[in-house]
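Enquirer: Provided below for reference: sequence and predicted model.
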Amino acid sequence: WPGHDLPDSVIYELHIGTFTPTGTFDAAIERLDYLAELGVTHVELLPVNDFNGEWNWGYDGVLWYAVHEAYGGPDGLKRLVDACHARGLAVVLDVVYNHLGASGNYLPRFGPYLKTGRSTWGELVNLDGESAGPVREYIIGNALMWLSEFHIDALRLDAVHALRDSSEVHLLAEMSTRVKTLSAEIRRPLVLIAESDLNDPIVFTDRSEGGYGLDGQWSDDVHHALHALLSGERQAYYADYGSLSALAKVLTRAFFHDGIYSTFEGHIRGKPVDTRNTPGFRFVVCLQNHDQVGNRAAGDRLPRITSPGMLKVGATLLLTSPFTPMLWMGEEWAASTPWPFFTSHPEPEMAEATATGRVKEFAEHGWNADDVVNPQDPDAFTSAKLRWAERDDPEHAEILALYRQLLRLRREQPDLADSRLDLVEVDVDEDAQWIVIRRGAFEVLANLADQAQDLPVASGDVLFGTEPGLRTNGRTITLPARSAAITGQIASTGF
């Protein structure tokens, strides 16, 4: 297995417990041929380290070095990784170092692993206080274990903005240096991807230039721009999004909040990206992911809150973007199953606190309390399991065929995956509600209006359309309401 670096990647994010009916590593192996045929390059696993209880998203882990036994334990994970590699699929593992789950956490009894202060999720991990050295080594050693002993190809580092570290060398910088050393030793690429809400290029800026030296990060701004536009939602952190100009900005600059005021956060947020020297593949972007679905009151997926036409438009814009696209399990066939927040805390008082806290949190953001799923209800977990048979239903099969076609087009036409942000050109008409994105020899066009209209187009063939029968007359193309198309000249490989 030679490994797979971040460029030219398409990630498929999944949760082992709900990806299949039995929810195990071995059961997931049975679906890998499907994923390879779909056209993704990486399988991203939500956290698999051990947690207290039977089911959980995985972010309440308390034993960082242990693999959850109900999934199949460490040997099961190794079988899954080997099976992925045998099919040409790299493996990304989601890891959580910013907090420890409250249920079953006994680590503080063994040393000063925590320090005074709290983040959204719990007490802060001691990265810079007294005796922080062994704590830092405990974390970095865990990262190296997944990459070396389990042959994981990449780590997605959860919420790194909650890693409060005032040390001379930030934990992330130290980790990136150690991982690059390991990569050189084992002679295969090892990738670190951060989840960060800071919108600060320091995350992926090289160590020699004062950065942390990670390979990339999630860009929620791209998701928010797409989601608000497709769904019409403007609550909470969607407040500044929903316009075509916001979408145009993220498609060319990656961050929307790049030193401008955030209405939701109430302050100036972010710093600009050097688009001439920063390739777009460093930004992992999506239409849906576990957070954006699961952190809704009912865990409803995008197909429940937008039209089929808009769903197809979103897929087209995502999979022709200059970034690293990520799919959320089942997205590619518009899965009907919800994916709410679920837990199985065995302590009654913690179970009650989790349920009531969830209701309070959503009420603050304007949700109806009756819509909030009780995370301790076993049905919250079982209802989230994918229904694989529905792929054959006509409405789901149509979306699956569209995703396959787009993934193939992205793979076979390099211009559509070109990561050079400074070469992306975007025209929008905010009033008419259309957008044209120039991607090398191609144009990606979308009509988000409620009626058909003519869009300007350069000469070329219609290579792809979310609706049938599209034609150009050399200067314009008539796009039906809520539809998208790709025009241009194909490379010699054909399509």
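Expert: In hand now; what should we look at? Numbering: from 1, shown residues only.
Enquirer: Centre of the chain to stretch 36-52, how far?
Expert: 11 Å (Cα atoms, centre = their mean, to the nearest Å).
Enquirer: Ok, stretch 251-265 next?
Expert: 18 Å.
Enquirer: got the contact list for that stretch?
Expert: 199, 219, 221-222, 224-225, 236-237, 239-241, 246, 249-250, 267-273, 275, 278, 280, 283, 321-323, 421, 424-426, 437 (Cβ atoms under 8 Å, 6 or more residues apart in numbering). C-beta here means a position set from N, CA and C on the backbone, and glycine is covered the same way.
Enquirer: In the protein, mark out all the helices, start to finish.
Expert: Using DSSP state H, the helices assigned to the chain run over residues 16-19, 25-29, 32-38, 73-86, 132-148, 171-186, 220-231, 244-253, 290-294, 308-319, 348-364, 378-382, 394-412.
Enquirer: Just the buried subset of the contacts of stretch 251-265, please.
Expert: 199, 219, 221-222, 224-225, 237, 240-241, 246, 249-250, 269-270, 273, 275, 278, 280, 283, 321-323, 421, 424, 426, 437 (16 or more other Cβ atoms under 10 Å).
Enquirer: Among these, name the ones in strands.
Expert: Judged by DSSP state E, the subset of these located in strands is 269, 283, 426, 437.
Enquirer: these two touch, right, the second one and Gly216?
Expert: Right, the one you point to is Phe283. Yes: look at Phe283 against Gly216 with Cβ atoms under 8 Å: they come within range, at 6.4 Å.
Enquirer: Overlap of the contact sets of the two?
Expert: With Cβ under 8 Å, 6+ apart as the test, Phe283 and Gly216 both reach Thr324.
Enquirer: Show the low-confidence segments of this protein, by residue range.
Expert: Within the chain, the ranges that satisfy pLDDT under 70 run 491-495.
Enquirer: out of the helices of the chain, nearest to Thr120?
Expert: Minimum separation from Thr120 across those (Cβ to Cβ) falls at helix 348-364, 10.0 Å.
Enquirer: buried sites along that closest one?
Expert: The neighbour-count check on helix 348-364 (16+ other Cβ under 10 Å) flags 350-351, 354-355, 358-359, 362 as buried.
Enquirer: got it, and stretch 292-310?
Expert: Under 16+ other Cβ under 10 Å, the buried positions of stretch 292-310 are 292-299, 301-303, 306, 309-310.
Enquirer: As CSV, could you dump the C-alpha coordinates of it?
Expert: What follows is stretch 292-310 as a C-alpha-only set of coordinates in CSV (Å, rounded to 0.1, in the frame of the first residue of the first chain):
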residue,chain,number,x,y,z
GLN,A,292,-24.4,19.5,10.2
VAL,A,293,-27.0,16.7,10.2
GLY,A,294,-26.7,15.4,13.7
ASN,A,295,-26.7,18.9,15.3
ARG,A,296,-30.2,19.6,14.0
ALA,A,297,-33.1,19.0,16.4
ALA,A,298,-34.4,15.9,14.6
GLY,A,299,-31.2,14.9,12.8
ASP,A,300,-32.8,15.6,9.4
ARG,A,301,-30.7,15.3,6.3
LEU,A,302,-30.6,17.9,3.5
PRO,A,303,-33.3,16.0,1.3
ARG,A,304,-35.8,16.7,4.1
ILE,A,305,-35.3,20.5,3.9
THR,A,306,-34.8,21.3,0.3
SER,A,307,-36.1,20.2,-3.1
PRO,A,308,-34.7,17.3,-5.3
GLY,A,309,-33.7,20.0,-7.8
MET,A,310,-31.7,22.0,-5.3
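Enquirer: Contacts for it, please.
Expert: With Cβ under 8 Å, 6+ apart as the test, stretch 292-310 has contacts from 57, 223, 227, 230-233, 286-288, 311, 314, 328, 330-331, 334-341, 362, 367-368, 371-373, 380, 384, 395, 399, 448, 466-467, 480-483.
Enquirer: before we move on, what about stretch 456-466?
Expert: Contacts of stretch 456-466 (Cβ under 8 Å, 6+ apart): 309, 312-313, 316, 402, 405-406, 409, 427, 436, 441-443, 445, 470-472, 474-477, 483-490, 495.
Enquirer: Which one of the ones in strands among the buried ones among the contacts of stretch 251-265 is nearest to Pro21?
Expert: Phe283 (34.1 Å).
Enquirer: tell me how far stretch 66-82 is from the chain's mean position?
Expert: 23 Å.
Enquirer: Can you give me the buried ones in it?
Expert: 67-68, 70-74, 76-78, 80-81.
Enquirer: With just CA atoms, put it into CSV.
Expert: Output in CSV follows, covering the C-alpha atoms of stretch 66-82 (Å, rounded to 0.1, in the frame of the first residue of the first chain):
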residue,chain,number,x,y,z
ALA,A,66,-8.5,1.4,23.1
VAL,A,67,-10.8,0.5,20.2
HIS,A,68,-14.5,0.2,21.0
GLU,A,69,-15.2,-3.5,21.5
ALA,A,70,-18.7,-3.5,20.2
TYR,A,71,-17.3,-2.5,16.8
GLY,A,72,-14.9,-5.4,16.7
GLY,A,73,-12.0,-4.2,18.8
PRO,A,74,-8.4,-3.5,17.6
ASP,A,75,-8.2,-6.6,15.4
GLY,A,76,-11.5,-5.7,13.7
LEU,A,77,-10.2,-2.2,12.9
LYS,A,78,-7.0,-3.7,11.5
ARG,A,79,-9.0,-6.0,9.2
LEU,A,80,-11.1,-3.0,8.0
VAL,A,81,-8.0,-0.9,7.3
ASP,A,82,-6.3,-3.8,5.4
